[in-house]
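Visitor: Predicted model follows, preceded by the sequence.
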Amino acid sequence: MRRPRPRVAVCGIHIESSTFTPYLSGEADFVVTRGDELMARFFWRDYTWAQAVDWVPVLHAQALPGGVVKASAYGAWKAEILEGLAAAMREGGLDGLFFDIHGAMSVEGLDDAEGDLISAIRAVIGSEPFVSASMDLHGNVSEVLFDETDLLTCYRMAPHEDALESRMRAAKNLVDRVLAPRAEDGSIVRPAKALMHVPVLLPGEKTSTRLEPAKSLYAQLPAVEVMPGILDASIWIGFAWADQPRCQAAICVYGDDDALVRSVAADLGEQFWAAHDRFEFVAPTGSFAECLRVAEGSVAAGRTPFFISDSGDNPGAGGADDVTVALAGLLEWEPLRSGRFSGIYASIVDPVAVAAADAAGVGGRVDVSVGGKIDTRAPGPVEVAGAEVVALADDPMGGRVAALRCGGLVFVVTSRRHQYATAADFARLGLEPTAADVVVVKIGYLEPDLFEMQAGWMMALTPGGVDQDLLRLGHHRVSRPLFPFDTGFDPLPLPVRFVAGH
């Protein structure tokens, strides 16, 4: 029976987890919101359509990408979510649930964490509430996640400039469904849905929507979703740095025209496969030493700042944030050692080094052993003697942070893992990347602020838990055949998992 005002719960756990990094993500890595604080995350909460339902915020936990989530942390949040939903069911029932997730969370002992969570949620709320999920396009769509939800959608831009809009799309489609005329038995009308897995697993840095073929694949989605009989269509790249059977590209299409839903899913999936061997890195690539050689030429030609992505240990994709290959290379690079060039390196996590800098104060000098304590692959900790402390600050994400100078290099050390992706990140320490000759960041593709700054850019194919060279990481549990691990196979026709509307 329809309630006077529909009730929609909100919950989720949002993280992408590399199974190849030794870092374990725990409670301290997450920002947890409940109640009004949870709803304050959504810019659309005061829109007219959003005001037409009663929102029941339960719990949301979100973290910077990291390693596998500790089972204890996941178990506690899962229990709180289930208890909150059970209370909501007792207090007035639910018409819907907005499942706000990333889609690439890994948890100790689980191969499909989001599938585990949504299955447990369905056991509490039953099959009647309409479940709509918003995801990152680097998430994974397992058959369990697809089966237990009524609508899945994901971002359409990488970098993810449309993340907030994608959440709104998922929420508005949910609200529209619970407000729409019901079936004769009083139930919410479910759209038809189709899932097609595409046997491709590529890093985000090869599938940016700034470049072809991803640009054209994603550009057609707005026109697809307004086709009569179609509600939503999405393309997932999948998450390349987890070794699980669910990790692969996926297409999901929803709508009220069963035949069209099936055919659109098949068409999008076949287009993806047709382009599978045309994806290229979003920037020129090379070893770190090769990137430094190109950077030297760029600076000599007056093209500054030259950016280098230390991509294999990118904390924004799950890297440990303390692999020292790039820092060691910069400290040994003659143009920086001599002070001929100016450079910034951001950042590396080492709370002990930050504490030493804090004790010395701005203007003081420190001898510190930096990095290599979480992910211990070569070269390990870097010994730095006589580094000048040039700045100290408190960062809302990085904790206490310090900027240390050696020769022409200023490198940033943080007490918590943090990705330096915006101008504001650097400004907290009084650093101006546009004034430097060379800027090295632990990142993959450059986020918008940095992309606008660069006069030249390369991605260094450095080692780490999110190594861009997937073949040297050692996947052995993904479904096969799977490109690029396998080549020369033809998967067509791709099977479609289809559920008719009802």
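Guide: Arrived safely.
Visitor: contacts and neighbour counts: CA atoms only from here.
Guide: Fine.
Visitor: for the chain, what's the longest helix?
Guide: The helix that spans the most residues within the chain, counting by DSSP state H, is helix 71-91.
Visitor: Show me what it is in contact with.
Guide: Under the criterion CA atoms under 8 Å, 6 or more residues apart in numbering, residues 9, 11, 26-27, 56, 58-59, 61, 94, 107-109, 117, 120-121, 124-125 lie in contact with helix 71-91.
Visitor: Can I have the buried ones of these as a ChimeraX selection?
Guide: In ChimeraX, this line selects whichever of those come out buried by 16 or more other CA atoms under 10 Å:
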select :9,11,26,27,56,58,59,61,94,107,117,120,121,124,125
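Visitor: Tell me the buried residues in the longest helix of the chain?
Guide: Taking 16+ other CA under 10 Å as the neighbour-count basis, helix 71-91 is seen to contain the buried residues 71, 74, 77-78, 81-82, 84-86, 88-89.
Visitor: got any ranges where this structure has weak pLDDT?
Guide: Across the chain, the ranges flagged by pLDDT under 70 are 1-3.
Visitor: Assign Ile348 to one of the three secondary structure states.
Guide: Using DSSP: H, G, I helix; E, B strand; the rest coil, the structure places Ile348 in strand.
Visitor: From Val389, how far out is it?
Guide: Distance check for Ile348 against Val389: by CA to CA, to the nearest Å, it reads 15 Å.
Visitor: more crowded one of these two?
Guide: In this comparison of Ile348 against Val389, neighbours counted by other CA atoms under 10 Å, the higher total goes to Ile348 at 29 against 24.
Visitor: what residues are up against the more buried one?
Guide: By CA under 8 Å, 6+ apart, Ile348 lies in contact with 321-323, 370-371, 412-414, 417.
Visitor: now do 7 Å
Guide: Taking CA atoms under 7 Å, 6 or more residues apart in numbering, we find Ile348 in contact with 321-322, 371, 412-414.
Visitor: quick one: it from Asp313, how far?
Guide: Using CA to CA, one obtains 10 Å as the distance from Ile348 to Asp313.
Visitor: shared neighbours, those two?
Guide: Among the neighbours of Ile348, those also in contact with Asp313 (CA under 7 Å, 6+ apart) are Asp321.
Visitor: The stretch 401-502 of the chain: strands as residue ranges?
Guide: Assigned by DSSP state E, counting those that start in this stretch, the strands in the stretch 401-502 of the chain fall at 409-414, 438-441, 456-460, 497-499.
Visitor: For the third one, name the packing helices and strands.
Guide: When contacts are defined as 3 or more CA pairs under 7 Å, 6 or more residues apart in numbering; DSSP states H and E, strand 456-460 packs onto strand 285-286, helix 288-300, strand 306-310.
Visitor: hmm, what's the outermost residue in this protein?
Guide: Glu184 (41.4 Å; CA atoms, centre = their mean).
Visitor: That residue: what secondary structure?
Guide: The three-state label given to Glu184 by three-state DSSP is coil.
Visitor: in stretch 159-168, what counts as buried?
Guide: Of the residues in stretch 159-168, 159-160, 163, 165-168 count as buried by neighbour count, 16+ other CA under 10 Å.
Visitor: I'd like the buried residues of helix 71-91 laid out as CSV, including distance to Tyr254.
Guide: Rendered in CSV, the data for the buried residues of helix 71-91 read as follows (distance: CA to CA, whole Å):
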residue, distance to Tyr254
Ala71, 33
Tyr74, 30
Trp77, 30
Lys78, 28
Ile81, 27
Leu82, 27
Gly84, 29
Leu85, 26
Ala86, 28
Ala88, 28
Met89, 27
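Visitor: For those, work out which two are farthest apart.
Guide: For the buried residues of helix 71-91, with distances taken as CA to CA, the pair at the greatest spread is Ala71 and Met89 (26.5 Å).
Visitor: on that earlier part again, would you turn the contacts of Ile348 into CSV with neighbour count and distance to Leu201?
Guide: What follows is the contacts of Ile348, written out as CSV (neighbours: other CA atoms under 10 Å; distance: CA to CA, whole Å):
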residue, neighbour count, distance to Leu201
Asp321, 33, 23
Asp322, 29, 26
Gly371, 27, 30
Val412, 25, 33
Val413, 29, 33
Thr414, 30, 32
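Visitor: what's the closest of the residues you listed to Gln454?
Guide: Nearest to Gln454 among these, with distances taken as CA to CA, is Val412, at 19.0 Å.
Visitor: For that closest one, give me its contacts.
Guide: Listed by CA under 7 Å, 6+ apart, the contact partners of Val412 are 345-348, 402-404.
Visitor: repeat that for 6 Å
Guide: If you count contacts by CA atoms under 6 Å, 6 or more residues apart in numbering, Val412 has them with 346-347, 402-403.
Visitor: Distance of Ala320 relative to Pro22?
Guide: Looking at Ala320 against Pro22, where the rule is CA to CA, the gap reads 7 Å.
Visitor: neighbour-wise, which of those two wins?
Guide: Of the pair Ala320 and Pro22, Ala320 is the one with more neighbours under other CA under 10 Å, namely 33 against 18.
Visitor: Quick check: end-to-end length of stretch 362-377?
Guide: Using CA to CA, the span of stretch 362-377 from its first residue to its last is 31 Å.
Visitor: re the thing from before, quick one, which of the helices and strands packed on strand 456-460 is packed in tightest?
Guide: Burial among the helices and strands packed on strand 456-460, expressed as mean neighbours by mean count of other CA atoms under 10 Å, is greatest for strand 306-310, which shows a mean of 29.
Visitor: Can you point out the buried residues in whatever helix or strand comes next after that one?
Guide: Following the chain from strand 306-310 toward its C-terminal end, the next helix or strand by DSSP states H and E is helix 325-332. For helix 325-332, a neighbour-count test (16+ other CA under 10 Å) marks 325-328, 330-331 as buried.
Visitor: Sweet, I'm off.
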